Each structure stands twice: as structure tokens, then as C-alpha cells.
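In: this one's structure only:
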């Protein structure tokens, strides 16, 4: 394998000149530059990516920490980030935390040691002091749906989405509406539940804690929640699920128990993952522009890397839109 020394000897120049040509760190005459590039091609020389990173103080890599890459929402979000990063010349290192603080910390240390140019962080609520090593090294971080001081982020209007989903069911005549929430700690679940409760209050319907079940964002937990609703003396006539996967699980359980959706029970989800259009019946949901959010997160980070953003913290809020399909209907 050819080395930089071989290239320098073949081109009749110094090693430092070869380095300046390859890394574009100093002006080199066109004649000398042509000799170096010709030697590089003839010798099939491949410079060390690590060495070039040390020279340029960049690795052209982005770290991405997600809580669950099996969840289609985060898989689609990661795809948008990866596509946008690739087009900009960046590779994305995907880290799946499994909602574990210890895994998050381990991955943060790994990304720091690999000298990534920036990190997109979307996982459990974490104390910001754990991100301080990145700030000290000048490595920018952006977050998704986590509102931290002094960290740029894209946020979802989760309260409004929960309100809109519940309001849709109320307008269809439903007054006994079950809600499948996500885990207690993430703010997006609690905000969606707050929106649900606000819509009920506006309609003068008392909140009933028996109609709230807590899942873990998975289809299995949606099945469990639906089973709990059916065991009630008076089951709900509609269900608002705080994400699509739990809604998919609820529909599967209801179907297995002989309940027809939406004739017997209406179901609305949240996110509009690709799968939601293909379940039976196709899922009514609060649609969030997942791929566009991924692209926006990536571009926000690239702007931070390139120092193109103003000094103040950037917060962009995205509102979902009601997408009516076939899983909700007028109460009978």
C-alpha cells in the first residue's frame, strides 16, 4: 500500500507539500498540485481519514442517539437525518439507547472519543451537565422534542396534537374516550395527555382516570391497554393513542376480540408513520412531517457546525395536522 512518502518521492516534492495539496491547507502552485495528484492516482494512494480529520479538525461525521430504532417513528426520522447528512457529505453514526441512561452515557463518551463534528440527541430527559464535555470541546448538539436551555432544538406541539385528536373524536359524538399514554417521563406524552384533558374539559366532560392507560410506545402495550378498556363495566366508544404503534396494537386486539373498528370503537393515533396507512382499517392520526423534521434537525446541526446560526438558542416548533382515514367514525 502506497504511503505519503511514496507520493512525495514520485512527485519530487516534500511530504508537507503533499499534505497541503490533499488537505487544501495552503496555496500550492497548479503545476506542483498536478504532479502530486498524478502521483496519487498512479500509486492508488488513499490518505488516512483519521490523519485528514486531525489536520482539518473535522471528521465529517454526525452522532445520532435515538431511544428505540425499532420504533418506525425514530427509524423514519433517522432516515431523514441520514439522507440529508449524506447529501452534505457527512456520515451518520446511529446509536440506539433503548431508553437506558447508562447506554446513553456510554454512547456519548464513544461519540466524543471519535471526535464527531456534532450530535443529534433524541432520547430520555437527561441532565444537561452530562453534555458539558461536548460544549467544552466545541462540538454542537441539537435535540428533538426536548427543551433544554442553550441547546438548539426542534419541538413538537404535543399539547395541540392531543387536543386536536380528542376534539376530532368529540366532534364525531364520542363522550367516553379512552387515552393510551406513553411513559410518564417524556414530555411529549404528558403534553399530549394534557391536550386530551383540555379538550374534554372544554366539552364539559369530566376526566375519568379509569380511561387512561399508560403504555411504553410499543404495539404490545397498545394491546394491553385495549384489553383493560374492554374489561371496564362501560368500555369507551373511542380511543386516542399517543402514538401510532400503540394504536396499531389496540386495533389488533380489538379485532381479535370481535370488536369492529370504527363501528364499535373508533381509534386515532399520533405520528403518521408509514405503517399507519396500511393497517386495517387505515389509521386516522395526527400527522407529523417525520422526514422533513429529520432533514431540519440535520441542517440545524450543520449550521451549528458551520457557525451559521445566530448566538441565541434556536427553537423551532412543528405542529401536526389531523389526517382522517378509516379508523374513526360517528358514534352509533
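Out: Perfect, thanks for sending it. Worth saying up front: this structure is predicted, and the values here are computed from it rather than measured. Numbers count the residues shown, from 1 in each chain.

In: I figured residue 82 hits residue 88, correct?
Out: No - counting by CB atoms under 8 Å, residue 82 sits too far from residue 88 to count as a contact (10.9 Å). In short, each C-beta sits where N, CA and C put it, glycine included.

In: strands of the chain, start to end?
Out: In the chain, the strands defined using DSSP state E lie at 61-66, 91-96, 118-121, 141-144, 152-156, 177-181, 212-214, 238-241, 266-271, 284-287, 315-318, 321-323.

In: can I get the ones you listed in CSV including mean pLDDT?
Out: Listed next are those as CSV, based on pLDDT from 0 to 100:
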stretch, mean pLDDT
strand 61-66, 95
strand 91-96, 95
strand 118-121, 94
strand 141-144, 93
strand 152-156, 93
strand 177-181, 98
strand 212-214, 96
strand 238-241, 98
strand 266-271, 98
strand 284-287, 98
strand 315-318, 94
strand 321-323, 98
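
In: which residues does the nearest residue to residue 298 once chain neighbours are set aside contact?
Out: Ranked by CB to CB, 6 or more residues apart in numbering and with sequence neighbours excluded, the top spatial neighbour of residue 298 is residue 84, at 4.0 Å. With contact set as CB atoms under 8 Å, 6 or more residues apart in numbering, residue 84 has these partners: 294-295, 298-299.

In: mind putting the residues you listed in CSV, pLDDT, neighbour count and distance to residue 109 included?
Out: Supplementary listing: the contacts of residue 84 in CSV, determined by pLDDT from 0 to 100; neighbours: other CB atoms under 10 Å; distance: CB to CB, whole Å:
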residue, pLDDT, neighbour count, distance to residue 109
294, 96, 25, 25
295, 95, 18, 28
298, 96, 26, 23
299, 94, 16, 26
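
In: which stretches of this protein have low pLDDT?
Out: Within the chain, the set of residues satisfying pLDDT under 70 comprises 25, 47-57, 124-128, 184-188, 308-311.

In: break it into its domains for me.
Out: Annotated domains of the chain cover 4-56, 61-155+290-317, 158-288 [automatic domain parsing].

In: tell me which of those lies nearest to residue 324.
Out: Shortest distance between residue 324 and the domains of the chain, using CB to CB, is found for domain 158-288: 5.2 Å.

In: what's across from residue 270 in the sheet?
Out: On the basis of DSSP bridges, residue 270 is bridged to residue 286.

In: correct me if wrong: it contacts residue 244.
Out: Yes - between residue 270 and residue 244 there is a contact at 6.4 Å, judged by CB under 8 Å.

In: so between those two, which is more surrounded?
Out: residue 270 (32 against 28; other CB atoms under 10 Å).

In: quick one: residues contacting the more buried one.
Out: Neighbouring residues of residue 270 by CB under 8 Å, 6+ apart: 161-162, 165, 192, 240-244, 247, 285-286, 288, 320.

In: just give the closest residue to residue 154, not the sequence neighbours.
Out: Of all residues beyond its chain neighbours, the one nearest residue 154 is residue 316 (4.8 Å), with distances taken as CB to CB, 6+ apart.

In: surely the one you found meets residue 296?
Out: Yes - the criterion here is CB under 8 Å, and residue 316 meets it with residue 296 at 6.8 Å.

In: can you tell me how far residue 62 sits from residue 116?
Out: 6 Å (CB to CB, to the nearest Å).

In: any shared contact partners between these two?
Out: With CB under 8 Å, 6+ apart, residue 62 and residue 116 have common neighbours residue 93.

In: more crowded one of those two?
Out: Between residue 62 and residue 116, counting by other CB under 10 Å, residue 62 is the more crowded of the two (27 against 23).

In: what bridges to that one?
Out: residue 92, residue 118.

In: list the contacts for it?
Out: 81, 85, 90-93, 116-120, 298, 301.

In: now do 10 Å
Out: 81-82, 84-85, 88, 90-94, 111, 116-120, 142, 297-298, 301-302, 305 (CB atoms under 10 Å, 6 or more residues apart in numbering).

In: could you pull out the helices in this structure for me?
Out: Using DSSP state H, the helices of the chain run over 4-11, 15-23, 30-43, 49-56, 72-87, 101-113, 132-136, 158-171, 187-202, 219-230, 244-256, 290-305.

In: which one of those helices lies closest to residue 236?
Out: Checking the helices of the chain against residue 236 by CB to CB gives helix 219-230 as the closest, at 5.6 Å.

In: how far does the closest one sit from its chain's centre?
Out: Distance of helix 219-230 from its chain centroid, counting by CA atoms, centre = their mean, to the nearest Å, is 25 Å.

In: list the buried ones in that helix?
Out: 219, 221-226, 229 (16 or more other CB atoms under 10 Å).

In: dump the residues you listed to a markdown table, plus distance to residue 201.
Out: Below are the buried residues of helix 219-230 laid out as a markdown table (distance: CB to CB, whole Å):
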| residue | distance to residue 201 |
| --- | --- |
| 219 | 30 |
| 221 | 26 |
| 222 | 25 |
| 223 | 29 |
| 224 | 27 |
| 225 | 22 |
| 226 | 25 |
| 229 | 21 |
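
In: now do residue 130 against residue 110, distance only.
Out: Taking CB to CB, one finds residue 130 at 14 Å from residue 110.
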